[in-house]
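Undergrad: model the structure of this input:
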Amino acid sequence: MSSLQLRSELFVLDTPPRHGLPGLKMSAKRYSTPFSDPQGLTLLFAHGVGAHKEQWEPMLRHLFFHQKLEQPHSRIREAWCFDWLNHGDAAVINKAALERRSPGDVSVAEWAVAIASFVRSPYVREHRLVGFGHSAGASAIMLSTRAFPLRNQPFVALFLIEPSMLTRELWMSHLLERESKMTRSVSAALRRCHVFDTREEAASYFRERKPWKGFHSDVFDVFMQHGFVIHNGSVGDTKVALKCDIHHEALAYQDIENHFEATDQYTRLCRAVPVHIVFGSIHDYVPSYFQDCMTDVSQGRSPASVITVPGAGHNIAQQTPEAVASAISVGLNSITRDSAAHLLHRL
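TA: Below is the predicted model:
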């Protein structure tokens, strides 16, 4: 499996203006394989806080391999992975523009608008689209659907992987716990070392710390390869630094309102588009009531399928890429057999 060839192309995309200012740039990679099927599905991926688009590569190798053996309509045409506009390569490209922003940061909602803009672009015109998001990326993918009529969505299905979505009511009922967790996440981000003399020093540091020490080795290698940028020190020496500024990561943990709105949109959308959910069995960062919220049929939240991956926690995409690929494969095969009829039935 590790020998499977993933072809990738890097793109830098324009995004819509914001509050009268020019839009930021969104970095993206398009992945394909020698057996990509032009009649197959086009997959769009959004990562979580502190991550980057390349985190999906180990999982994608497994997923492309799984789907190449399936029916033509279930195979993969290509996959696009996006950087949050202040994460990964986008953080480097947008560095000067981000420093001019005062106050504020790049919310999940702004990233969602950028993704929706891409969905309208010629790159994927007349493609059969499937959206994927992990953690906060699940909210970004869900919020991107607000740009389109409920009954005329560009997606044939959506996959939410360990979504960090919750209703306002549940947040308020667990307010002290939620605020305490948010404070700890912000504090941990701001305390973290983020500039190192060498890449080897950085690797030693992160191998001993959560969540990185729980990453699959292939994902950790990708993190070391793509998560850092050359940094010129104050005395002219060269160091390596995280691409995602720790202050931007800290602000992302406080972007609560947009997760409420994503949950509301999911409640509306799941009646029109199949939404598949992949959870981890370990409630390490996200309590079980997040999962209960996403599957509360009494409130109209009815996913097309739910798969729980044993032994994985919230960072499931980085911990168990092969298991995530297997879970996604099951969902793809079940919802793409006759997606048009399925949509009509749900409407």
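
Undergrad: buried sites along the longest helix along the chain?
TA: As assigned by DSSP state H, the longest helix anywhere in the chain is helix 175-191. For helix 175-191, burial by neighbour count (16 or more other C-beta atoms under 10 Å) applies to 178, 185-186, 189. (Each C-beta comes from the backbone N, C-alpha and C, glycine too.)

Undergrad: go on, stretch 75-88?
TA: Under the neighbour-count criterion of 16+ other C-beta under 10 Å, stretch 75-88 has 75-88 buried.

Undergrad: and those residues, which of them are in helices?
TA: Of the buried residues of stretch 75-88, the ones assigned to helices by DSSP H are residue 88.

Undergrad: out of the buried residues of stretch 75-88, what pair is the most spread apart?
TA: Farthest pair in the buried residues of stretch 75-88 (C-beta to C-beta) is 75 and 86. Separation: 34.1 Å.

Undergrad: give the contact list for residue 288.
TA: Applying C-beta atoms under 8 Å, 6 or more residues apart in numbering to residue 288 gives no contacts.

Undergrad: tell me how far it lies from residue 314.
TA: Note on residue 288: its distance to residue 314, by C-beta to C-beta, to the nearest Å, is 12 Å.

Undergrad: residue 213 too?
TA: Relative to residue 314, and taking C-beta to C-beta, residue 213 is found at 14 Å.

Undergrad: same question, residue 222
TA: On the measure of C-beta to C-beta, residue 222 and residue 314 end up 19 Å apart.

Undergrad: ok, those two, which is more surrounded?
TA: Set side by side, residue 222 and residue 314 show more neighbours around residue 314, with 23 against 20, by other C-beta atoms under 10 Å.

Undergrad: how many neighbouring residues does the closest residue to the more buried one other than its chain neighbours have?
TA: Residue nearest to residue 314 in three dimensions, not counting chain neighbours: residue 285, with 3.8 Å by C-beta to C-beta, 6 or more residues apart in numbering. If you count neighbours by other C-beta under 10 Å, residue 285 ends up with 17.

Undergrad: residue 285 belongs to a helix, doesn't it?
TA: No. Looking at residue 285 with DSSP: H, G, I helix; E, B strand; the rest coil, it is coil, so not inside a helix.
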